[in-house]
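Enquirer: Coordinates only, no sequence provided:
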């Protein structure tokens with residue numbers, strides 16, 4: 001009996017088993033990666049949905065330097081730069097020096113309502 005065919009068969013079987021094992025490990029790694037990406041996507045979607053739900057409570061006022069105000073009129077305005085930026089933050093504005101002026105501490109930017117601008121540019125009487 002010739003031992004060479006048995007050795008060749010064993011090498012072929014070992015090689016085939018090695019290919020199957022590598023494929024299986026790669027497949028399992030890809031499944032884990034897909035699960036991780038799906039979890040990440042679900043988290044991002046839920047964050048986006050939460051942001052959109054909260055944003056629905058506000059309305060943008062273009063005449064007021066695009067400040068976002070709560071629809072029910074409560075609270076301070078929200079910085080439009082924060083809401084429309086990449087971070088999607090709801091940063092409340094603080095009161096500025098004049099009534100109707102507001103300040104975003106994050107962006108170091110002042111905003112004014114139309115009423116404030118009208119009051120500041122209105123001619124004063126010299127009585």
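Expert: Sure, I can see it. Because the structure is predicted, anything quoted here is derived from the model rather than measured. Residues are numbered from 1 along each chain as shown.
Enquirer: Please enumerate the helices of the protein.
Expert: With helices called from DSSP state H, the chain shows them at 4-55, 80-84, 114-121.
Enquirer: got the domain boundaries for the chain?
Expert: 1-56, 57-121 (automatic domain parsing).
Enquirer: coming back round to it: so which of the helices of the chain is the most packed in?
Expert: Compared across those, helix 80-84 shows the largest average neighbour count, a mean of 18 (mean count of other C-beta atoms under 10 Å). All C-beta spots, glycine's among them, are computed from the backbone N, C-alpha and C.
Enquirer: can you list the residues that contact that helix?
Expert: Outside of helix 80-84, the residues that reach it under the criterion C-beta atoms under 8 Å, 6 or more residues apart in numbering are 55, 58, 60, 65-68, 88-91, 104, 106-107, 109, 111.
Enquirer: from those, which would you call buried?
Expert: By the neighbour-count criterion of 16 or more other C-beta atoms under 10 Å, those include these buried positions: 58, 65, 67, 68, 91, 104, 111.
Enquirer: Sort out which one of these lies nearest residue 35 for me.
Expert: residue 91 (34.7 Å; C-beta to C-beta).
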